[in-house]
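make a model of this:
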Amino acid sequence: MARLLAQQQGPPPLPAGRSRQDRRRRRPRLSAAAVSLRAVSFGAAALVALIGAMVSVLSGVIAYDPLHLAATQGISRSPVASWWPVLVYGPWLVASVSVLRAALHRKQAAHSWAVVLLFSAAAVALCLTQAPHTVTGLATAGIPPVAALTCFHQLVRQITLTRPIRQPEPRHRNASHAAR
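You can find the predicted model right below:
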């Protein structure tokens, strides 16, 4: 009979001083200084993203001619050859997006970084082969792909600073923790 009455009345009352809201996790309130610091940090990350995108686009525009010349040298000019630089910067762009996605999800992206580095090196090598063999000619041809890679790396660093990678906690206590 007592069990039947308890079921009809609902769950037992919470201990005094504790409400359902107390049981929920609450984020600590941030001070005004912390909020403004966070806003400045995100603003800086957005500025880095904007500048990095501009440098990458400018790099692609500058590197297009040397890459196009490398594709058309020794063969007849065909309409397909004008798209040849996409074979270098296409995988670079796809791998870059994969790296950004991994950084946002706090994951490692070693394979995508390898693709970015490989195609950056290919862009530098192909641009240098078409450049005049002077110091300024080689610098003019080699710096744009390196600048794009550097800006991209800094953008990823900004993302990982605003969203740091968390170390996974061990699922099970090991013997050294149990002995303490």
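
distance between the biggest helix by length in the chain and the chain's centre?
When every helix of the chain is counted residue by residue (DSSP state H), the longest turns out to be helix 32-72. The gap between the average C-alpha position of helix 32-72 and the chain average comes to 12 Å, counting by C-alpha atoms, centre = their mean, to the nearest Å.

the very next helix or strand once past that helix vs helix 32-72, what angle?
The helix or strand immediately downstream of helix 32-72 is helix 85-104, counting by DSSP states H and E. Between the axis of helix 85-104 and that of helix 32-72 there is an angle of 160 degrees, by axes from the mean of the first three to the mean of the last three C-alpha atoms, to 10 degrees.

send me helix 85-104 as PDB with only the CA atoms.
In PDB, the C-alpha atoms belonging to helix 85-104 read as follows (Å, rounded to 0.1, in the frame of the first residue of the first chain):
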ATOM      1  CA  PRO A  85      47.500  25.200 -62.400                       C
ATOM      2  CA  VAL A  86      44.300  23.900 -60.900                       C
ATOM      3  CA  LEU A  87      46.100  20.500 -60.700                       C
ATOM      4  CA  VAL A  88      48.600  22.100 -58.400                       C
ATOM      5  CA  TYR A  89      46.400  24.400 -56.300                       C
ATOM      6  CA  GLY A  90      43.300  22.100 -56.400                       C
ATOM      7  CA  PRO A  91      44.700  19.400 -54.100                       C
ATOM      8  CA  TRP A  92      46.300  22.200 -52.000                       C
ATOM      9  CA  LEU A  93      43.000  23.800 -51.500                       C
ATOM     10  CA  VAL A  94      41.100  20.600 -50.700                       C
ATOM     11  CA  ALA A  95      43.800  19.500 -48.200                       C
ATOM     12  CA  SER A  96      43.700  23.000 -46.700                       C
ATOM     13  CA  VAL A  97      40.000  22.800 -46.100                       C
ATOM     14  CA  SER A  98      40.500  19.400 -44.500                       C
ATOM     15  CA  VAL A  99      43.100  20.800 -42.200                       C
ATOM     16  CA  LEU A 100      40.800  23.700 -41.200                       C
ATOM     17  CA  ARG A 101      38.000  21.300 -40.600                       C
ATOM     18  CA  ALA A 102      40.200  19.100 -38.400                       C
ATOM     19  CA  ALA A 103      41.400  22.100 -36.500                       C
ATOM     20  CA  LEU A 104      37.800  23.200 -35.800                       C
END
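
helices and strands around the longest helix of the chain, which ones?
Of the remaining helices and strands, those touching helix 32-72 by 3 or more C-beta pairs under 8 Å, 6 or more residues apart in numbering; DSSP states H and E are helix 85-104, helix 110-130, helix 135-162. In this view, the C-beta of every residue, glycine as well, is placed from N, C-alpha and C.

contacting residues around the residue most central in space within the chain?
To find the centre residue of the chain, average its C-alpha atoms and take the closest one (C-alpha atoms, centre = their mean): that gives residue 100, at 2.5 Å. For residue 100, the set of contacting residues under the criterion of C-beta atoms under 8 Å, 6 or more residues apart in numbering consists of 155, 156, 159.
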